[in-house]
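Chemist: Turn this into a structure:
(chains A, B and C)
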Amino acid sequence: MATLKELTHREDRLAGGHRLCAGCGASIAVRQVLLGAGVEPVVVGCATGCLEVSTTIYPYSSWKTPFIHNAFENAAATVSGVESAFKALQRAGKIPADKKMKFVAFGGDGGTYDIGLQSLSGAMERGHDMVYVCYDNGAYMNTGIQRSSATPKGAWATTAQVGAAQQGKLQGRKDLTQIMAAHNIPYVAQASISHWKDLTTKAEKAFAVEGPAFLNVFAPCPRGWRLAYNKSVEISKIAVQTGFWPLYEVEDGVWRQTVKVHNRKPIEEFLKPQGRFKHLFKPENADLLAEIQSDVDRAWEQLQKRFETA
Amino acid sequence: MAEQKTVAATGNTVVAEAMRQCKPDVVAAYPITPQTTIVEEYAGFVAKGRVHTEYVTVESEHSAMSACIGASAAGARVMTATASQGLALMWEELHIASGMRLPIVMANANRALSAPINIHCDHGDAMGARDAGWIMYFAESAQEAYDNTIMALKVAEDPSVLLPAMSCLDGFITTHSIDRVDVLDDESVAGFVGEYEPANALLDTDDPVSHGAFAGLGGPFFEFKRAQREAMEAARPVITSVGEAYSQLSGRPFDVIETFGMEDAEVAAVVIGSASGNARHIARQLRAQGVKAGVVKVRVFRPFPYAELAEALRGVKAVAVLDRAESFGAEGGPLFLEVRSALYDASDRIPVVSYIYGLGGSDVRLELMERMFADLSDIAAGSAQPGKLVYLGAR
Amino acid sequence: MAKWDIETIGEWDWRQFPLGAVIPESGNSRDYVTGGWRSERPVRDKETCTQCLLCWISCPDSAIYVEDEQLPDESFNLAHCKGCGICANVCPVEAITMVPEGCDLPEVK
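Modeler: Model (predicted):
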């Protein structure tokens, strides 16, 4: 567990000059994850999406480490191929036997929860020595804020609009972190850019594991959330404090809450600053708002039981 | 010539053998009929410790090609195999493999595409991928499937080419029939294909590179496509020289097209794959009866041998192009479109007829070939006009 | 590697681009200026700042300098800073303020 001062001695593997929006949570997530990765070389793969496009607009790359993008739904499969090549080339004596290398794939929630879920599930099941990091901003932001299975209930999105017949997304979120935990891989964790120490520690653990690890990182999109650009980190903290985004890890099957929340704040504090939830505060949507609170409560209670039985 | 062993084996067995002899670092593959026995044979090599290959048993063909791309970009020699729906599922990845200039070699067990679902041979799968930027070899026999696979790797990895290559063999007919095959010894194949020297290996951590950049927003996308076009053109002489070297090693002749009776043919059929033997058989019978019949077999479909075909068909009075694939709405099958285009610059206007045959494994009976040659003779004699398109043998 | 010279890239023909759209130089977006996106710039009060580095770990643009575990006097890389204001927002002692940007921007590519 490194201090901030210690982390400054590590290489910042993402260069500036990328073209992500001001206040983007994705690049904060990437910086913190890669700072946690330690000093060994890291090879990065990335799903198509904001992060990939904005960091590799030809002829510029923001990656100071080997980088590969293939397509949208296959970051996990692609990195599994890279990792397999490393093993084979080491076996063939073309890479020194004592050389260490780490492999990580980044994908947004669209590329991870939805179109890339099969590829991710396959790669984790096969046991590749790689870390998969989902930067979850809760919608297809690169194509213009379309709903994904990570979009919260009630949120406005360009494919889950607000009007007389519909109040944003009708369905709740898929719980990807628990789906990944159900793969029985050595390490799964949920983290947030607001809690750098928790996040970098989890990244450190994920990279230290021999075999697959999965990190789900809360990474706000000010543009898509209709949120002030300077509030990405602040809203992430509120997401944790309201219990919307619990911080926990599943290490070798043991579930542990890594950041305790003693007095959960009401979900309204998370929803209110975001324009995508504006309609929920109309009097006629009071029931929906109450339903969202009870959804959070129920998920929270269920998760607490996991920790209790651990 | 190298030491060779004569074996009785299926096409899939000898393709798996060719793969083993090429020593790929990574094989990522997903089972699909009628390719399955290739990946099963390879799994056997892995289990017996006969290969150093990292064998990635992916959860789909899309992930198979995705993992191949990752591994190839990493700097590994990569091979795989698929068929039909599997090839269709990896369609977007075929374009990415060629756009990233990764010399992946893939065997394809030609099988019809659904619907209706059908597991038998036609070329609809491979022909659907003909614009994906892959070099494409087609085999008539298990022997050719073995030879093509080894040559394809050598061509794909040539520094002046660096394109992926497909080695196609006809589903069941070639993949599963036991055939007589001469197999080279391991050392000869290893020496022939040599070591792969990757360009821009991702695993070079001392000199990091970025693969898969975004070239839109006024970026040089167009120029990269031009480079791919030039690489495909550069593959032509490489295919020929690799074929010559392989012929010396194996004693088996190779050319991008193979002709029978074309020195004086008046009527000719152009064909791909396992049906070539039936076409030649009938042509041979007709020639005994005084009919000047010939056959041109296309062994390399991409890059397409335009000049060689135009030369072979010079002076012919009527040509039938046999397509085991559809191109619905086009004037004929994919091979027909290529052949007619190849003849456009010929001084004589040669009548060319599109014959669609054998879809979904439909039998390619000898009498169908006879009927086709009879049609051609009528057209050559001026007693019949060339028809638009013939569904040969369909009820 | 040696710096990839892309000064004249606008005039290159297809032969001159590296194979398969590979970018052979790592991290060269450092040469791309995004500072022009900014309407406000961060200003740090050195007296108030406690050097906690929360701004550094929270910056989405890798635009905060650290030398010897400290923010130097020139703390911000204004060629990259997009003026999002996260640094000011996370600062526990309000040592960073966002001020309206003037016109002395670095040259925009």
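
Chemist: Show me where chain A has its strands.
Modeler: Taking DSSP state E, the strands of chain A run over residues A:42-46, A:67-69, A:102-108, A:131-136, A:162-163, A:166-167, A:187-192, A:213-218, A:248-251, A:254-257.

Chemist: Going by neighbour count, which residues in the last one are buried?
Modeler: Burial within strand A:254-257, assessed by neighbour count using 16 or more other C-beta atoms under 10 Å in any protein chain shown, is assigned to A:255, A:257. C-beta: built from backbone N, CA, C; applies to glycine.

Chemist: Now do the same contact list for the closest residue to chain C within chain B.
Modeler: Taking C-beta to the nearest C-beta, chain C has its nearest neighbour within chain B at residue B:101, 3.5 Å off. Shown in contact with residue B:101 (C-beta atoms under 8 Å, 6 or more residues apart in numbering or on different chains): B:162-163, B:199, B:228, B:231, C:19-20.

Chemist: of the strands of chain A, which approaches residue B:348 most closely?
Modeler: Nearest of the strands of chain A to residue B:348, taken as C-beta to C-beta: strand A:67-69 at 51.1 Å.

Chemist: So for the residue of chain B closest to chain C, what's the nearest residue that isn't a sequence neighbour?
Modeler: Leaving aside its sequence neighbours, residue B:101 sits nearest to residue C:20 (C-beta to C-beta, 6 or more residues apart in numbering or on different chains; 3.5 Å).

Chemist: how many neighbours does the one you found have?
Modeler: Per other C-beta atoms under 10 Å in any protein chain shown, the neighbour tally for residue C:20 reads 22.

Chemist: That one and residue B:102 touch, don't they?
Modeler: Yes: using C-beta atoms under 8 Å, residue C:20 makes contact with residue B:102 at a distance of 7.3 Å.

Chemist: what do those two both touch?
Modeler: Shared contacts of residue C:20 and residue B:102 (C-beta under 8 Å, 6+ apart): residue B:162.

Chemist: Any buried residues in stretch A:288-296, and which?
Modeler: A:288-289, A:292-293, A:295-296.

Chemist: Up against chain B, what does chain C have?
Modeler: Within reach of chain B by C-beta under 8 Å from any C-beta of the partner chain, chain C has these residues: C:1, C:9, C:12-15, C:17-26.

Chemist: among those, who's most crowded?
Modeler: residue C:23 (26 neighbours).

Chemist: what are the bridge partners for that residue, then?
Modeler: For residue C:23, the beta-bridge partners are residue B:210 (DSSP bridges).

Chemist: Contacts only, for it.
Modeler: Applying C-beta under 8 Å, 6+ apart, the residues contacting residue C:23 are A:56, A:58-61, B:209-210, B:213, C:4.

Chemist: I figured residue B:266 was touching residue B:318, is that so?
Modeler: Yes: at 7.5 Å, residue B:266 and residue B:318 qualify as touching, with contact defined as C-beta under 8 Å.

Chemist: Closest residue of the stretch 101-250 of chain A to chain C?
Modeler: residue A:230 (3.3 Å).

Chemist: surely that residue meets residue C:85?
Modeler: Yes: using C-beta under 8 Å, residue A:230 is in contact with residue C:85, at 3.3 Å.

Chemist: Identify the contacts common to the two.
Modeler: By C-beta under 8 Å, 6+ apart, residue A:230 and residue C:85 have these common neighbours: A:23, C:98.

Chemist: what's the spacing between residue B:274 and residue A:215?
Modeler: According to C-beta to C-beta, to the nearest Å, residue B:274 stands 51 Å off from residue A:215.

Chemist: That should have said residue A:190, apologies.
Modeler: Relative to residue A:215, and taking C-beta to C-beta, residue A:190 is found at 8 Å.

Chemist: what do you get for residue C:6?
Modeler: Counting by C-beta to C-beta - residue C:6 and residue A:215 are separated by 34 Å.

Chemist: Those two: which is more packed in?
Modeler: residue A:215 (28 against 15).

Chemist: need the strands for the stretch 101-250 of chain B, in chain order.
Modeler: B:105-110, B:135-138, B:165-170, B:178-184, B:210-211 (DSSP state E, counting those that start in this stretch).

Chemist: Contacts for the fourth one next, please.
Modeler: It refers to strand B:178-184. With C-beta under 8 Å, 6+ apart, strand B:178-184 has contacts from B:2-11, B:14, B:17, B:21, B:141-143, B:146, B:150, B:192, B:249-250, B:252.

Chemist: Same check on the second one?
Modeler: Contacts with strand B:135-138, where a contact means C-beta under 8 Å, 6+ apart, come from B:123, B:126, B:129-130, B:148-149, B:151-152, B:155-156, B:161, B:163-169, B:232, B:235, B:239, B:272-273, B:298-303.

Chemist: and the residues you listed, which of them are in helices?
Modeler: By the criterion of DSSP state H, membership of the contacts of strand B:135-138 in helices covers B:126, B:148-149, B:151-152, B:155-156, B:232, B:235, B:239.

Chemist: out of those residues, which one sits closest to residue B:356?
Modeler: Of these, the one sitting nearest to residue B:356 (C-beta to C-beta) turns out to be residue B:126, at 15.4 Å.

Chemist: which one is that closest one nearest to, not counting chain neighbours?
Modeler: residue B:168 (5.0 Å).

Chemist: Can you give me the neighbour number for that neighbour?
Modeler: 28.

Chemist: Let me see the contact set for it.
Modeler: B:107-110, B:123, B:126, B:136-139, B:273.

Chemist: Just the buried ones from those?
Modeler: Among the contacts of residue B:168, the ones that count as buried by 16+ other C-beta under 10 Å are B:107-110, B:123, B:126, B:136-139, B:273.

Chemist: so can I have TSV of these showing pLDDT?
Modeler: Shown next, in TSV, are the buried ones among the contacts of residue B:168 (pLDDT from 0 to 100):
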residue	pLDDT
B:107	98
B:108	98
B:109	98
B:110	98
B:123	98
B:126	98
B:136	99
B:137	99
B:138	99
B:139	98
B:273	98
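
Chemist: where in the chain is pLDDT low?
Modeler: No chain specified, so I'll use chain A. A:308-310 (pLDDT under 70).

Chemist: meant chain C actually
Modeler: Using pLDDT under 70, chain C drops low at C:1-2, C:103-109.

Chemist: For it, which segments are assigned as strands?
Modeler: C:40-44, C:96-100.

Chemist: What pairs with the last one, parallel or antiparallel?
Modeler: Going back to what we said before, that points to strand C:96-100. Sheet pairing for strand C:96-100, assigned by DSSP bridges, gives strand C:40-44 (antiparallel).

Chemist: Need the contact partners of the strand it pairs with.
Modeler: By C-beta under 8 Å, 6+ apart, the residues outside strand C:40-44 that reach it are C:71, C:75-76, C:78, C:81, C:83, C:85, C:87-88, C:95-101.

Chemist: Mind putting the contacts of residue C:23 into JSON lines with distance to residue A:243 and neighbour count?
Modeler: Formatted as JSON lines, those follow (distance: C-beta to C-beta, whole Å; neighbours: other C-beta atoms under 10 Å in any protein chain shown):
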{"residue": "A:56", "distance to residue A:243": "36", "neighbour count": "27"}
{"residue": "A:58", "distance to residue A:243": "43", "neighbour count": "22"}
{"residue": "A:59", "distance to residue A:243": "45", "neighbour count": "24"}
{"residue": "A:60", "distance to residue A:243": "40", "neighbour count": "24"}
{"residue": "A:61", "distance to residue A:243": "39", "neighbour count": "29"}
{"residue": "B:209", "distance to residue A:243": "43", "neighbour count": "23"}
{"residue": "B:210", "distance to residue A:243": "39", "neighbour count": "32"}
{"residue": "B:213", "distance to residue A:243": "40", "neighbour count": "23"}
{"residue": "C:4", "distance to residue A:243": "48", "neighbour count": "16"}
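
Chemist: Thank you, goodbye.
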